[in-house]
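Student: Let's see this in three dimensions:
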Amino acid sequence: MSAELLVELGEDPPTAQLGQLKLATIEDQQWPNDESTLSKSETDVSQRFDADSPHLPWDHPFYDIARHQIIEVAGDDNFGRKVIVFNACRMPPQHQLDHHKLLMYLKGTLDQYVESDYTLIYFHHGLTSENKPSLSWLRDAYREFDRKYKKNIKALYIVHPTMFIKTLLILFKPIISFKFGRKINYVSYLSELEAVVKSEQLITPARVREYDNKLRASLKPSAQPPPSPLHSPPLPNQVFGVPLALLSQRNPDGDQVPLVMRDTISFLSAQGLEIEGIFRRSANVTLVRDVQLRYNSGEAVNFTEMEDIHLAAVILKTFLRELPEPLLTFQLYNDVVNFSSVSSDNQAASMKMLVESLPEENTTSLRYLITFLAQVSANSEVNKMTNSNLAVVFGPNLLWGRDNAMSLSAIGPINNFTRILLDQQHLVFT
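Tutor: Predicted coordinates:
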């Protein structure tokens, strides 16, 4: 056993902790009883997040967890999956953090996305003997996250892994399923994450960036990892990552709905309305990139020639997420996040005013999208995509803050606004 592992395991005598880490099944371990001080309302999943509260007030049961920004949501990755980020360096010392609450908060985050494919990114740097959770907390996490959480997680990326984390995973191998073990990926340098998610989507903690720079500087020139790819100027026919106003100006027909939205929605309206879990599944990343390249090169794309219906769904979400400014615009961010303060009687009228305040190309494109999503929801008995489910998928793709990543205090209100927009679309878009 390495000296590093013994040091990082913490204050307890090494022999005692190693005894708990012996290669045994979880059923063989004699774990102590839980001594949670949380009330039933705090541990109940349905009570953890208040969708009507734009920000967690100081007296909210999870305010002391949320304020540290340990857990964040960073939109979709390059495969069309939701990205959940866990920042170890933002964890305060043990005596300042209720780790059981942290576990419930993490579970509450995942509860919003486990029905869809999702990705976890864990920034390990900054986990020390002062702020690391106990081994019994890891045991609780294992018990708490049952099959529904493990089924749709497609990848866990551990960034800047140490010998400690690698050894810990080896020791826990008997209780980690083979299928889940294959989803764990080690990422040595931040630049490697570009293959997974665009760097501007991730609000990487400064401590993590500084550590990554030190790792790079310590390497010989021949061993330097490739730098993060530079953003090249837009291609003449580029459509992904291009403002809606520019796309509208380019269209000789004056059509304000972008071609990508027309193509994907037309195809999905004909082929995807009865596909269970549509918009919840990812697609082959090579095909996604190929389709993006074809659009950006001015080539025609015919989704009926492709075998995977989910590809069109991923392309639609990717197009929306890669807009330089979200469809609902940065200007409406505060109005949307605080929309819960509007009385239910005035919501439709207020929402109509907000939508009509958007640039014309945004309003037209939003109407086209929401009208289609209403068709999807109308078939929810078959496809299982209700307005609430669609709001969870599309909320983060319709609006995000200027810093890209969003805390849970903003995700809830944005998703809630999207659900109301879907519920009231017949009144908003008259």
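Student: Shouldn't residue 157 be within a helix?
Tutor: No - judged by DSSP: H, G, I helix; E, B strand; the rest coil, residue 157 forms no part of a helix; its state is strand.
Student: wait, what's in contact with it?
Tutor: Taking C-beta atoms under 8 Å, 6 or more residues apart in numbering, we find residue 157 in contact with 119-122, 185, 187, 193, 196. No exception for glycine: its C-beta is placed from N, CA and C like everyone else's.
Student: try 7 Å
Tutor: Applying C-beta atoms under 7 Å, 6 or more residues apart in numbering to residue 157 gives the contacts 121-122, 185, 187, 193, 196.
Student: Just the buried subset of the residues you listed, please.
Tutor: Buried by 16 or more other C-beta atoms under 10 Å: 121-122, 187, 193, 196, out of the contacts of residue 157.
Student: Number of residues surrounding residue 177?
Tutor: Residue 177 has 11 neighbours, counted by other C-beta atoms under 10 Å.
Student: One more: the one 3 residues further on?
Tutor: Other residues within reach of residue 180, judged by other C-beta under 10 Å, total 12.
Student: Tell me the helices and strands packed up against the longest helix along the chain.
Tutor: Ranked by number of residues, the top helix in the chain under DSSP state H is helix 360-378. Applying 3 or more C-beta pairs under 7 Å, 6 or more residues apart in numbering; DSSP states H and E, one finds that helix 360-378 contacts helix 244-250, helix 259-271, helix 347-356, helix 387-398, helix 408-423, helix 425-428.
Student: Show me what the longest one is in contact with.
Tutor: Yep, that's helix 408-423 we're talking about. With C-beta under 7 Å, 6+ apart as the test, helix 408-423 has contacts from 49, 51-52, 54-56, 66, 73, 109, 336-337, 339-340, 347, 351, 370, 373-374, 377, 387-388, 390-392, 394-396, 398-399, 401, 428.
Student: same deal with the fourth one?
Tutor: Contact partners of helix 387-398, identified using C-beta under 7 Å, 6+ apart, comprise 73, 75-76, 112-113, 116, 279-280, 317, 320-321, 326-328, 373, 376-377, 406, 411, 414-415, 418-419, 422-423.
Student: for the record, mean pLDDT for that helix?
Tutor: The average pLDDT for helix 387-398 rounds to 93.
Student: would you put the C-alpha positions of it in PDB?
Tutor: The C-alpha trace of helix 387-398 is given here as PDB (Å, rounded to 0.1, in the frame of the first residue of the first chain):
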ATOM      1  CA  ASN A 387     -44.400  18.700 -20.700                       C
ATOM      2  CA  SER A 388     -42.500  18.300 -17.400                       C
ATOM      3  CA  ASN A 389     -40.100  15.800 -19.000                       C
ATOM      4  CA  LEU A 390     -39.600  18.000 -22.000                       C
ATOM      5  CA  ALA A 391     -38.900  21.000 -19.800                       C
ATOM      6  CA  VAL A 392     -36.100  19.200 -18.000                       C
ATOM      7  CA  VAL A 393     -34.500  18.400 -21.400                       C
ATOM      8  CA  PHE A 394     -35.000  21.700 -23.100                       C
ATOM      9  CA  GLY A 395     -34.900  24.200 -20.300                       C
ATOM     10  CA  PRO A 396     -31.100  24.300 -20.100                       C
ATOM     11  CA  ASN A 397     -31.000  24.500 -23.900                       C
ATOM     12  CA  LEU A 398     -33.300  27.500 -24.100                       C
END
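Student: any idea how far it is from the chain center?
Tutor: Per C-alpha atoms, centre = their mean, to the nearest Å, the displacement of helix 387-398 from the mean C-alpha position of its chain is 12 Å.
Student: sorry, back to before: and the contacts of helix 408-423, which of them are buried?
Tutor: When the contacts of helix 408-423 are checked for burial by 16+ other C-beta under 10 Å, the buried set is 49, 51, 54, 56, 66, 73, 109, 336-337, 339-340, 347, 351, 370, 373-374, 377, 387-388, 390-392, 394-396, 398-399, 401, 428.
Student: ok, back up a step: tell me which residues of the longest helix of the chain are tucked away?
Tutor: 361-370, 372-374, 376-377.
Student: Please enumerate the helices of the stretch 51-200 of the chain.
Tutor: 63-66, 99-111, 135-144, 147-151, 163-171, 178-181 (DSSP state H, counting those that start in this stretch).
Student: related to what we said a few turns ago, can you put the buried ones among the contacts of residue 157 in JSON lines and add distance to residue 215 and pLDDT?
Tutor: JSON lines is the format used below for the buried ones among the contacts of residue 157 (distance: C-beta to C-beta, whole Å; pLDDT from 0 to 100):
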{"residue": "121", "distance to residue 215": "17", "pLDDT": "94"}
{"residue": "122", "distance to residue 215": "17", "pLDDT": "94"}
{"residue": "187", "distance to residue 215": "12", "pLDDT": "92"}
{"residue": "193", "distance to residue 215": "14", "pLDDT": "89"}
{"residue": "196", "distance to residue 215": "18", "pLDDT": "84"}
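Student: Reformat those residues as CSV; add distance to residue 300.
Tutor: Shown next, in CSV, are the buried ones among the contacts of residue 157 (distance: C-beta to C-beta, whole Å):
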residue, distance to residue 300
121, 35
122, 41
187, 37
193, 33
196, 29
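Student: helix/strand/coil for residue 236?
Tutor: Three-state assignment for residue 236 (three-state DSSP): coil.
Student: what pLDDT does it get?
Tutor: 74.
Student: What of residue 310?
Tutor: Taking residue 310 on its own, its pLDDT is 93.
Student: The helix or strand that contains it - contacts with which helices or strands?
Tutor: Per DSSP states H and E: residue 310 is located in helix 309-321. For helix 309-321, the elements it packs on are strand 71-76, helix 259-271, helix 285-296, helix 387-398, judged by 3+ C-beta pairs under 7 Å, 6+ apart.
Student: Grab the nearest non-local neighbour of residue 244.
Tutor: residue 361 (4.6 Å; C-beta to C-beta, 6 or more residues apart in numbering).
Student: wait, that neighbour sits on residue 248?
Tutor: Yes - under the criterion of C-beta atoms under 7 Å, residue 361 makes contact with residue 248 at 4.4 Å.
Student: shared neighbours, those two?
Tutor: In the contact map built from C-beta under 7 Å, 6+ apart, the residues linked to both residue 361 and residue 248 are residue 256.
Student: one step back: run the chain-centre distance for the helix holding residue 310.
Tutor: 15 Å.
Student: any idea which helix or strand comes after it?
Tutor: helix 333-337.
Student: Mind listing residues that contact that next one?
Tutor: With C-beta under 7 Å, 6+ apart, helix 333-337 has contacts from 54, 328, 354, 399, 401, 410, 413-414, 417.
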